[in-house]
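Student: got a sequence here, can you model it:
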Amino acid sequence: MLTCKGLVAQSSDLLDGSLSFRQRLAARTHLAICFHCRRFIRQMRISQRVIRTLPEAPLPDLEHLLRAISEQRAAQSDDHNER
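Tutor: Below you'll find the model as predicted:
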């Protein structure tokens with residue numbers, strides 16, 4: 001019998017649909033008898049839906065970032081050569 005702790009450990013795989021048939025059956029059986037885990041999985045599903053609606057975080061301009069790294073390395077090299 002799957003415990004609450006075991007269900008929580010498998011919750012991401014359960015929601016992603018990547019559990020084996022036996023694992024999925026054990027999880028569904030546990031959810032049928034455990035109110036707290038049903039509420040937990042329901043909250044996880046809601047969280048997934050909300051996260052999917054959020055805009056992606058903007059990525060830094062790669063060219064600008066590479067230029068800044070090159071400038072920093074050049075400055076460190078100059079400091080090292082002056083010693």
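Student: for the rest of this, base every contact and every neighbour count on C-alpha atoms.
Tutor: Will do.
Student: so where's the longest helix in this structure?
Tutor: When the chain is parsed with DSSP state H, its longest helix is helix 62-82.
Student: element containing the residue nearest the centre of the chain, please.
Tutor: Centroid-nearest residue in the chain: residue 12, 9.2 Å away (criterion: Cα atoms, centre = their mean). Using DSSP states H and E, residue 12 maps to helix 4-16.
Student: give me the buried positions along that helix.
Tutor: Residues of helix 4-16 classed as buried by neighbour count (16 or more other Cα atoms under 10 Å): 7, 10, 11, 14.
Student: any idea of the mean pLDDT in the longest helix of the chain?
Tutor: Averaged across helix 62-82, pLDDT comes to 83.
Student: which helices and strands sit right next to it?
Tutor: Contacting helix 62-82 under the criterion 3 or more Cα pairs under 8 Å, 6 or more residues apart in numbering; DSSP states H and E is no other helix or strand.
Student: send me it as CSV with only the CA atoms.
Tutor: This file holds the C-alpha atoms of helix 62-82, laid out as CSV (Å, rounded to 0.1, in the frame of the first residue of the first chain):
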residue,chain,number,x,y,z
LEU,A,62,23.4,36.8,-25.3
GLU,A,63,25.7,39.1,-27.4
HIS,A,64,25.8,41.7,-24.6
LEU,A,65,26.5,39.0,-22.0
LEU,A,66,29.4,37.5,-24.1
ARG,A,67,30.8,41.0,-24.6
ALA,A,68,30.7,41.7,-20.9
ILE,A,69,32.4,38.4,-20.1
SER,A,70,35.2,39.2,-22.7
GLU,A,71,35.7,42.7,-21.3
GLN,A,72,35.9,41.3,-17.7
ARG,A,73,38.4,38.6,-18.7
ALA,A,74,40.5,41.2,-20.6
ALA,A,75,40.5,43.5,-17.5
GLN,A,76,41.5,40.6,-15.3
SER,A,77,44.3,39.7,-17.7
ASP,A,78,45.5,43.3,-17.8
ASP,A,79,45.6,43.4,-14.0
HIS,A,80,47.5,40.1,-13.9
ASN,A,81,50.1,41.3,-16.5
GLU,A,82,50.7,44.6,-14.6
